[in-house]
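> Sequence first, predicted coordinates after that:
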Amino acid sequence: MRWNHLWTRTVLLAAMFSLAVGGSFAAPADVAVADDAVSLVSQTDDPDMAPKKSRKKNDKGDKGKSDKDKDKEKPFDEVVEDMDRIEGLFNFYRNEKEGKVYLEILPDQLDKDFIYSAKFERGTGERGLYGTIMMDEFVFQWHRMGKQIQWVQQNLRFRADEGSPAERAVANSFSDSVMLSAKILSEPHPDRDSVLIDLSKVFLTGDLHGVAGYLKRVYQGGYKQDKENSGFVMVKSFPLNSEIGTVARFVAGSTKRGSVTIPDSRSMNLRFRYSLVALPDNDYMPRLADDRVGYFMDMFLDYSADKTDTLYVRYINRFKLKKKDPGAEISEPEEPIVFWLENSIPLEYRDFFREGVLMWNTAFEKAGFKNAIEVRQQPDEADWDPADIRYNTIRWFVGYDASFAIGPSHTNPYTGQIIDADIGFSEGLVRLGARRRYELYVSPVARMQTMMEEPEPLPWQTDPSRLCTYANEMAEMMSLGYDLLSSRGTWSSEEEKEFVRQYIAEVTAHEVGHTLGLRHNFRASTINRMDQLADESRTHRVGLAASVMDYNPAIIAIKGEKQGDYLPTVVGSYDDWVIEYGYTQISGVASQEDEADELARIASRGADPLHPYATDEDAGLSARAMDPRNNRFDFATDPLEFYRHEIKLVGELWANMEDKLLEDGESYAILRRAMGYSWTPYFRGSLVAAKHIGGIYHNRDHAGDPNGRLPYVPVPAERQREALKFLSEEIWDPEVFVAPAKVLQKLQFERFWDFEFSNFTTPRLDYPLHNIATFVQTTVLGSLYHPLRLARMQDSALMFDNPADAFTMADLFVGIRSSLWSELDSGSNINTFRRDLQRAHADRLIRMTLRASAAMPADASSLARADLVHLKGQIENALAGSLDHSTKAHLQETHARIGQALDAPMVRS
């Protein structure tokens, strides 16, 4: 049975490898084999079963050598002669002049778990390839197979209790992955019994993370790694981790898209850092996750469990934190969580970063820990390296188009324990007055299109729950606020500094929250009414938002009204609660089962109005997103009221910017930049309003929770009508986007060209006002008519106790038509913005009538046709009146198209 099992495993591995090298397997990290490594087909426990390598009799290099001589390894000391020894978790030998690095593997390091983690040390500085970006992370082992050492990624998704029959079944059912293998270079060390391998066969042989494929997508060229011009740039080893730095040259014969940051996009040198980390050996007890509170998780299927509801086991990610005095209500920790500010951070911002980190200590005090988090400054002459895993660091980096921050961490996937964390901040975050995004100049519409899309993971980002675009989008929102406050002409330098201070501290607190294990919370901004946001006696108690893990925009008061905090300056009520769940030390427990009741009691408070929670998969602006409370970059209990507030601020900016935002001697391009940012409230606000229509409130409460709510509650019909009214008044009104002529005359394109030659690539140098306005107005129209939303409206109508209380599909169709074609009733002329919108509406009704998709409810097609019939009659009546030439031409053309559509045969795809 043992022989049969091994042979089966070998055949499967051979098939997998054959698929990989055949080119039809497109996973990001293809199985690769070093030049001198044996094929995976031959890697069995039985050397006699391995296929023999055939060589021609007179093969070059074989002359004069017997098989015995060729197979014999050299003595250990001879192999490492003239090489520098680097000691730590793993020992290395390096000859920097020759570019050689050998890894020493001790006997007790074979078949032992370690953590592998990779990140970009230096990217291209654009398009997602930035230094500090984290890549793959997994548990691996070094495994000896004959004269080869295999680098094996462990399969931790399927587990069972050690020594149980289920463990044997799991081992026989699910495979690990051999990533690479390398030949043993030496005889065992005479004292340590260790062996050597050439580290280049692991980290320089192949494209470990599918970077070439991403480069192909970004620069549109056929990239491959140039092994001859790739090498090691750094090797360090510490007690708990070893760090390997490489530079990899990627080349392409030609590219269709150039680079701003690289002299020639056909050749680029990328630097990677690979971390080999020891698993912690301590008394940490994993804590089970609960779907009512938001933590990152490590999870697996436990086949030895006797549960009937699920085999999944989910452990939250958190630091190990234990009280010095377990019996005290509040105690300092045995070992605090320490963050080091790297000495690359500008002096003027260091206190702001410190404030953001320490903001979390109030939540930890409520969970029983005093001074749980500390901040220390790395001295300029520090003799320790930020790469050492014993140090959690906050770093500063530079990128051409980078305005973001990241908060990655290493975890022990067996337990969920966070081992270390490193936060990176782009210097672009603080360039508020000088921000100038390419998209806002060349294609403002393209920028808004990305707001509708969920963040797209890079090929090596395999966990969508860990994606965070907060700081990048926040920088744009803050730039809008910066322009608005500057346009008032009364903003002092002290107020400007306070604005930046709150901004950096809040973004820091957000990223630190991620490193503490916390997921996003996109409902946290709903705990206060608009009239409470300036009440600091309340917001300093419960938070401006319930959590800094929301994407919180700056709150700017209407001119003349009281200004409170711009951003959260304390962690919120949800933050206190989520830290209580994850970090409270429950006394007298020896297992997860012992603390289950207390954790369930904490989690059951999710229905508390101060504990709202919804995360990434609950938010978004697409038709899939059904709960209008779950949004990025909004505030207040009523998001419609918030966006009315924001749109009013934009009106103030448009009115003031030509006189007060621009000083003598400055370029008019400053006004164009401000105009570009000012579209965001209209675009986001329109799509948040659309979420109310056919919307469903989703609650995470469990059965029996105090004040528990139903999982699904349809948005009341009256609320849906308010949302449609918002769209009619703030987005579709004929006069909404009629900007003053004196403003349009000054929206100048930057006359100096930049690295992207924007002057030459932009379709228009003048401002494309109609294009942008039409995009904003018609995007929400498409969202309202999306098959997902209309199907949900059909079903959610049945959730009302009284069907007459529902807002129906018919209500929606009639409401949109009445709003968009109101001129047909009044007999007035139709302006250019309105004509564009009406054409788009008629086009959509015609498509729904003639070529409806299979996903579209049949009733929607019927209602669309009924709207066309109604409009045809209205247009006929309107054409009998006195209208200007453009209006009459527009209505005649629309009437003709509707007539053709009503006479045409219908096709349902």
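Perfect, I can see it now. Please read these numbers as outputs of a predicted model, since none were measured by experiment.
> Every contact and neighbour count from this point should use C-alpha atoms.
Will do.
> For R94, give its distance to L103.
R94 sits 9 Å away from L103 when distances are taken as Cα to Cα, to the nearest Å.
> Point out where the protein drops to low pLDDT.
Across the chain, residues meeting the criterion (pLDDT under 70) sit at 1-71, 123-125, 127-132, 260-261, 387, 398-407, 428, 431-472, 753-760, 908-909.
> pull the longest strand from it.
Determined from DSSP state E, the single longest strand within the chain is strand 221-237.
> Pull up the pairing partners for it, direction included.
Its sheet considered, strand 221-237 pairs with strand 241-255 (antiparallel) by DSSP bridges.
> Tell me which residues of the strand it pairs with come out buried.
Going by neighbour count (16 or more other Cα atoms under 10 Å), the buried part of strand 241-255 is 241-252, 254-255.
> same thing with stretch 882-889?
Using 16+ other Cα under 10 Å as the test for burial, stretch 882-889 gives T887, K888.
> Next, the spatially closest residue to K74 that is not a sequence neighbour: phi, psi?
Leaving aside its sequence neighbours, K74 sits nearest to S186 (Cα to Cα, 6 or more residues apart in numbering; 4.9 Å). Backbone dihedrals for S186, given as degrees, to the nearest 10, come out at phi -140, psi 170.
> Repeat that for S181.
S181 adopts backbone torsions of phi -140, psi 150, taken as degrees, to the nearest 10.
> Hmm, it is touching W151, no?
Yes. The criterion here is Cα atoms under 8 Å, and S181 meets it with W151 at 5.8 Å.
> Overlap of the contact sets of the two?
Common neighbours of S181 and W151 (criterion: Cα atoms under 8 Å, 6 or more residues apart in numbering): V202.
> who's more crowded, these two?
Between S181 and W151, S181 has the larger neighbour count (other Cα atoms under 10 Å), namely 28 against 19.
> in the sheet, who's paired with that one?
If you apply DSSP bridges, the partners that S181 bridges to are Q150.
> distance of it from L429?
43 Å.
> Next, the residue lying closest to H786 once chain neighbours are set aside: phi, psi?
Once flanking residues are discounted, H786 sits nearest to A623: 6.5 Å by Cα to Cα, 6+ apart. Main-chain dihedrals, A623, degrees, to the nearest 10: phi -70, psi -20.
> quick thing: my sequence starts at 42, can you match it?
Yep, numbering from 42; the last one is A664 now.
> count of residues packed around A664?
24.
> who are the neighbours in contact with it?
K732, S824, L825, H827, L829, R830.
> got the residues you listed as JSON lines, with neighbour count, distance to F394 and secondary structure columns?
Output for those, formatted as JSON lines (neighbours: other Cα atoms under 10 Å; distance: Cα to Cα, whole Å; DSSP: H, G, I helix; E, B strand; the rest coil):
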{"residue": "K732", "neighbour count": "29", "distance to F394": "36", "secondary structure": "helix"}
{"residue": "S824", "neighbour count": "20", "distance to F394": "40", "secondary structure": "helix"}
{"residue": "L825", "neighbour count": "24", "distance to F394": "42", "secondary structure": "helix"}
{"residue": "H827", "neighbour count": "16", "distance to F394": "43", "secondary structure": "coil"}
{"residue": "L829", "neighbour count": "19", "distance to F394": "43", "secondary structure": "helix"}
{"residue": "R830", "neighbour count": "24", "distance to F394": "43", "secondary structure": "helix"}
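> Quickly name whichever of those is closest to D152.
Closest approach to D152 among the contacts of A664 (Cα to Cα): L829, at 50.2 Å.
> Quick check, the closest one in contact with A666.
No. Using Cα under 8 Å as the test, L829 is too far from A666 to be in contact (9.6 Å).
> Give me the nearest residue to N569, chain neighbours excluded.
Per Cα to Cα, 6+ apart, closest to N569 is A677, 5.1 Å.
> Can you classify the one you found as helix, strand or coil?
Three-state call for A677 (DSSP: H, G, I helix; E, B strand; the rest coil): coil.
> Hmm, it is touching R564, no?
No. Contact criterion Cα under 8 Å: A677 and R564 do not qualify, at 9.8 Å.
> quick one, which of these two is more surrounded?
Each of A677 and R564 has its neighbours counted (other Cα under 10 Å); R564 has more, 30 against 23.
> and that one, how far is that from R126?
Relative to R126, R564 is positioned 54 Å away (Cα to Cα).
> the domain parsing of the chain - what is it?
Per automatic domain parsing, the structural domains of the chain span 43-92+126-319, 378-686, 826-944.
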